[in-house]
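Engineer: Next input, structure requested:
(chains A, B, C and D)
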2 protein chains.
Amino acid sequence: MKFSTSEENYIKSIYRLQGQTENVNTNSLADYLNTRAASVTDMLKKLKLKKLIEYRKYYGFRLNDSGNKEALRIIRRHRLWEFFLVTKLGMNWDKVHAIAEELEHISSNDLIKRLDMYLGQPKIDPHGDPIPDASGRMPVLKQVSINNLTLKKTGIVSSVSSQTQQMMEMLDHYGIGIGSSIKVLKAFRFDGSLQVKVSKQPACILSGQAAENIFVYDNKEE
Amino acid sequence: MKFSTSEENYIKSIYRLQGQTENVNTNSLADYLNTRAASVTDMLKKLKLKKLIEYRKYYGFRLNDSGNKEALRIIRRHRLWEFFLVTKLGMNWDKVHAIAEELEHISSNDLIKRLDMYLGQPKIDPHGDPIPDASGRMPVLKQVSINNLTLKKTGIVSSVSSQTQQMMEMLDHYGIGIGSSIKVLKAFRFDGSLQVKVSKQPACILSGQAAENIFVYDNKEE
DNA sequence: TATAATTTTTAGATTTGCCTAAAATAATTT
DNA sequence: AAATTATTTTAGGCAAATCTAAAAATTATA
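Structural biologist: I've put the predicted structure just below:
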């Protein structure tokens, strides 16, 4: 089934909001979409008719199974395009969102399958968010501290276990933050220090102690 | 100035049609766009208001300078995306058109500038049509017979000078047609024969005699 | 050149997605 | 529990892009 751009935006937004709470309510969706409650109600009727949501008047609504599936398809497209814009076109990752919002509505399955292959079946987008697979499953992401990351494999920083002032200062100095991509070029067994490449910056050295506190997801297919 | 998808489709179509004749008339545009004359008239009013066309009621219309400029911007986007779909995603060139029709309406200048760089500033799309440059100029394409094509440079077949039955049979056998991409891997000076790669097929040998009858445009920036 | 045929435009609906204002329902207070 | 407040829905309208049917202008023909 094909959906309009507007329908897709509603589906995606409901998916976002229902993540936190159980049911979504009209006003919060209206806020989120920068529109009015009346417009939301109009669209809810349409989405109900198309059997994408559970909806009881005045009581809130949520996506049903096929609604969720559709949401994941849209999110997959969005994140693959973001990955493309950052890794292939070198766009800044805080600027890709708006463009991906447009690209995501092009729904050719063949296009997306090929894009996915071309990008190396990435598992996380440049913001550090997981990319659902073709059948709508979110990948199970194993986090590894970077001293356990395979050499030359790109990981995406997911968390840091020490949140001390000193640690933060150092991460800041190296330009490392949640979502940064990191590749280990060389591991020195003598002291556990690592030569790493952070995003597009020149290679640098991290101590073993720092390394074991920085966690990444492996990106791309094994 | 920003235009709607529908406006852009009209602009592009007028550009196509006015190529052949001087003025475009309502019915032929309606035919071309698979719509009704009344819808065309409605849009013409809008395009006139936005100062993109010359239009005298009942007498036909054509793009003015800014209309032409806009058309070329859209065509540029379309052809760059087609190039991307074929060369990067490996799509069949007879299937890319429909998808490029959607991609072309995403109008971020930064996106298109980067896409262009990423693709190597190509001069012709996979159908053999020239790609306008950023300022809307169509590239001046020099045709070269492939025995004058620089080694390892990809050319796009533009014409064949001998149209004999025998020649056609051979071209067919090698899978060479207008729009095919050809790269010369090796030139044997002894007899002028060439080892060439046609599209994604395995390399093969062409006689010097055949080669001098096959003309290509150089693609990509010098 | 008057009439017929064709082309183009206007008039008036329709659909989608949005809006405001008012009515209906639910939740909170007193 | 009744009244007040907040939320949600309905009613009715608007703009964009389309359509059909009818009117107007142009072109062709008898």
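
Engineer: Just want the most central residue of chain A.
Structural biologist: A:Asp129 (2.3 Å; CA atoms, centre = their mean).

Engineer: Low-confidence bits of chain A, can you list those?
Structural biologist: A:20-21, A:220-222 (pLDDT under 70).

Engineer: circling back: and the closest residue to the residue nearest to the centre of chain A other than its chain neighbours, what does it touch?
Structural biologist: In space, and not counting its chain neighbours, A:Asp129 is closest to A:Arg79: 6.3 Å by CB to CB, 6 or more residues apart in numbering or on different chains. To be clear about C-beta, it is placed using only N, CA and C from the backbone, and glycine gets the same treatment. If you count contacts by CB atoms under 8 Å, 6 or more residues apart in numbering or on different chains, A:Arg79 has them with A:100, A:125, A:129-132.

Engineer: most neighbours, which of those residues?
Structural biologist: When the contacts of A:Arg79 are compared by neighbour count (other CB atoms under 10 Å in any protein chain shown), A:Asp125 ends up highest, at 27 neighbours.

Engineer: Pretty sure it sits against A:Phe83.
Structural biologist: Yes. Using CB atoms under 8 Å, A:Asp125 is in contact with A:Phe83, at 5.3 Å.

Engineer: picking up where we left off before, how would you label the residue nearest to A:Asp129: helix, strand or coil?
Structural biologist: Of the three states, A:Arg79 takes helix under DSSP: H, G, I helix; E, B strand; the rest coil.

Engineer: So which bits of chain A are right by DNA strand C?
Structural biologist: Applying CB under 7 Å from any atom of the strand, we find that chain A lies next to DNA strand C at A:4-7, A:35-36, A:38-39, A:42-43, A:46, A:58-59.

Engineer: Show me which of these is closest to chain B.
Structural biologist: A:Thr5 (9.8 Å; CB to the nearest CB).

Engineer: Now distance to B:Met91 and neighbour count too, for the residues of chain A next to DNA strand C, in a markdown table please.
Structural biologist: Output for the residues of chain A next to DNA strand C, formatted as a markdown table (distance: CB to CB, whole Å; neighbours: other CB atoms under 10 Å in any protein chain shown):
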| residue | distance to B:Met91 | neighbour count |
| --- | --- | --- |
| A:Ser4 | 25 | 11 |
| A:Thr5 | 23 | 13 |
| A:Ser6 | 28 | 14 |
| A:Glu7 | 27 | 18 |
| A:Thr35 | 36 | 17 |
| A:Arg36 | 41 | 13 |
| A:Ala38 | 43 | 9 |
| A:Ser39 | 37 | 15 |
| A:Asp42 | 38 | 11 |
| A:Met43 | 34 | 20 |
| A:Lys46 | 33 | 15 |
| A:Tyr58 | 48 | 6 |
| A:Tyr59 | 46 | 9 |
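
Engineer: Which of these sits closest to A:Gln201?
Structural biologist: Proximity to A:Gln201 was ranked across the residues of chain A next to DNA strand C by CB to CB; first place goes to A:Thr5, at 37.3 Å.

Engineer: Apart from its neighbours in sequence, what residue is nearest that closest one?
Structural biologist: Using CB to CB, 6+ apart, the closest residue to A:Thr5 is A:His105 (4.8 Å).

Engineer: isn't A:Ile75 right next to A:Pro130, touching?
Structural biologist: No. At 9.3 Å, A:Ile75 does not count as touching A:Pro130 under the criterion of CB under 8 Å.

Engineer: Which residue ranges of chain A form helices?
Structural biologist: Ranges of helices within chain A are A:5-20, A:26-32, A:37-49, A:65-87, A:96-103, A:109-119, A:165-174, A:208-211, based on DSSP state H.

Engineer: other SSEs contacting the last one?
Structural biologist: For helix A:208-211, the helices and strands in contact under the criterion 3 or more CB pairs under 8 Å, 6 or more residues apart in numbering or on different chains; DSSP states H and E are strand A:194-198.

Engineer: Quick check: the residue of chain A most remote from its centre vs A:Cys204, distance?
Structural biologist: What lies farthest from the middle of chain A is A:Phe190; by CA atoms, centre = their mean that is 36.5 Å. Per CB to CB, to the nearest Å, A:Phe190 is found 18 Å from A:Cys204.

Engineer: same question, A:Asn219
Structural biologist: Relative to A:Cys204, and taking CB to CB, A:Asn219 is found at 20 Å.

Engineer: Pairing-wise in the sheet, spell out the partners of A:Val196.
Structural biologist: Bridge pairing for A:Val196 (DSSP bridges) gives the partners A:Val184, A:Cys204.

Engineer: so it sits right up against A:Leu206, yeah?
Structural biologist: Yes. Using CB under 8 Å, A:Val196 is in contact with A:Leu206, at 5.6 Å.

Engineer: what sits in contact with each of those two?
Structural biologist: A:Ile146.

Engineer: What residues does chain A have near chain B?
Structural biologist: Applying CB under 8 Å from any CB of the partner chain, we find that chain A lies next to chain B at A:85, A:88-91, A:95, A:98-99, A:102-103, A:106, A:108, A:110-111, A:114-115, A:118.

Engineer: and those residues, which are buried?
Structural biologist: A:85, A:89, A:91, A:99, A:102-103, A:106, A:108, A:111, A:114-115 (16 or more other CB atoms under 10 Å in any protein chain shown).

Engineer: For the residues you listed, which two are the farthest from each other?
Structural biologist: Maximum distance among those (CB to CB): 22.3 Å, for A:Met91 and A:Ser108.

Engineer: Name the residues contacting each of A:Asp125 and A:Phe83.
Structural biologist: Common neighbours of A:Asp125 and A:Phe83, using CB under 8 Å, 6+ apart, are A:Ile131.

Engineer: check contacts around the nearest residue to A:Val157 once chain neighbours are set aside.
Structural biologist: Nearest residue to A:Val157, sequence neighbours excluded (CB to CB, 6+ apart): A:Ser180, at 4.6 Å. Contacts here follow CB under 8 Å, 6+ apart; on that basis A:Ser180 touches A:156-157, A:198-199.
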